[in-house]
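J.: What follows is a predicted structure for the sequence shown.
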Amino acid sequence: GAVVSQHPSRVICKSGTSVKIECRSLDFQATTMFWYRQFPKQSLMLMATSNEGSKATYEQGVEKDKFLINHASLTLSTLTVTSAHPEDSSFYICSARGYGQGNNGYTFGSGTRLTVV
Amino acid sequence: DAKTTQPTSMDCAEGRAANLPCNHSTISGNEYVYWYRQIHSQGPQYIIHGLKNNETNEMASLIITEDRKSSTLILPHATLRDTAVYYCIVRGNSGNTPLVFGKGTRLSVIA
């Protein structure tokens, strides 16, 4: 079945630094990537939607200059958390949709737990 | 996309069937019902989806009422590894709109 590989699974960074999270579609072409974050004991909240080769569309309240999304190829999308602060500590999850994926249509990565100290 | 309502939590004895309900009274004719689950600290896992007919796969069965205003996910023989948060999501099956997650049902399978 369709697989999305998300790395790193865990990262700890110092306040003020930047962190990049990668999501790769391994056996299908991801034309659209969705990025979510999840705070403890809460549901997944959509942050942004990106289509390959286009600028991402951000949800209300999500700072586009802080959460940089790149989706330059059909197999790779990245989320960079810039100038991270402790309140950015969260679980970040990508979800890909595209060609050759099967009838489910949404494949999720395994998530990245970001801790900012 | 139509909103869904699920119980906050449920318990199920190991080996018994787990029946998870979902209300989606504002569902429209072209919207599908999707079920995903999330085991702690992992990404959501697809379980099953359907439009109006009942569906079954190796993981679960989905029973959709005739008026499509509610559905039930059935795990026929729950195991401890089925302990997770289960999300019922309604969306159309075209375009690239995202899945919108509600609060889901926390299922605890008890030995």
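T.: Sure, I can see it. For clarity, every value in this text was computed on a predicted model and none was experimentally measured.
J.: Now the residue in chain B that chain A sits nearest to. Nearest residue, chain neighbours left out?
T.: Closest approach between chain B and chain A, counting by C-beta to the nearest C-beta: residue B:43, at 3.7 Å. The C-beta positions use only the backbone N, C-alpha and C, and glycine is treated the same way. Setting aside the residues directly before and after it, residue B:43 is nearest to residue A:108 in space (C-beta to C-beta, 6 or more residues apart in numbering or on different chains), at 3.7 Å.
J.: taking the mean pLDDT, what do you get for stretch A:3-19?
T.: Across stretch A:3-19, the average pLDDT comes to 97.
J.: quick one: which helix or strand includes residue A:24?
T.: Counting by DSSP states H and E, the element that carries residue A:24 is strand A:19-25.
J.: got the angle for the helix or strand that that strand is followed by vs strand A:19-25?
T.: Counting by DSSP H and E, the next helix or strand C-terminal to strand A:19-25 is strand A:29-38. If you take axes from the mean of the first three to the mean of the last three C-alpha atoms, to 10 degrees, strand A:29-38 sits at 140 degrees to strand A:19-25.
J.: What parts of chain A come near chain B?
T.: Contact residues (C-beta under 8 Å from any C-beta of the partner chain) of chain A with chain B: A:4, A:6, A:31-32, A:34, A:36, A:43-46, A:49, A:51, A:91, A:93, A:95, A:97, A:104-111, A:113.
J.: What subset of these is buried?
T.: Buried subset of the residues of chain A next to chain B (neighbour count, 16 or more other C-beta atoms under 10 Å in any protein chain shown): A:4, A:6, A:31-32, A:34, A:36, A:44-46, A:49, A:51, A:91, A:93, A:95, A:97, A:105-111.
J.: Point out the residues in chain B that sit beside chain A.
T.: B:38, B:41-46, B:49, B:87, B:93, B:96, B:98-104.
J.: Buried among those residues? Make that a ChimeraX selection.
T.: Here is the ChimeraX command that selects the buried residues among these (16+ other C-beta under 10 Å):
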select /B:38,42,43,44,46,49,87,98,99,100,101,102,104
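J.: Let's see which of the residues of chain B next to chain A end up in helices.
T.: The helices, defined by DSSP state H, take in nothing from the residues of chain B next to chain A.
J.: what's near enough to touch the closest residue to chain B within chain A?
T.: The minimum distance from chain A to chain B, using C-beta to the nearest C-beta, falls at residue A:108 (3.7 Å). By C-beta atoms under 8 Å, 6 or more residues apart in numbering or on different chains, the contact list for residue A:108 reads A:4, A:93-95, B:43-45.
J.: Residue A:47 is in what secondary structure piece?
T.: Element membership of residue A:47 [criterion: DSSP H and E] is strand A:45-51.
J.: can you give me the mean pLDDT across the following helix or strand past that strand?
T.: Note on strand A:45-51: by DSSP H and E, the next helix or strand toward the C-terminus is strand A:57-58. Across strand A:57-58, pLDDT averages out at 96.
J.: Who are the packing partners of strand A:57-58?
T.: Packing partners of strand A:57-58 (3 or more C-beta pairs under 8 Å, 6 or more residues apart in numbering or on different chains; DSSP states H and E): strand A:45-51.
J.: List the neighbouring strands of the strand it packs on plus their orientation.
T.: strand A:29-38 (antiparallel), strand A:57-58 (antiparallel) (DSSP bridges).
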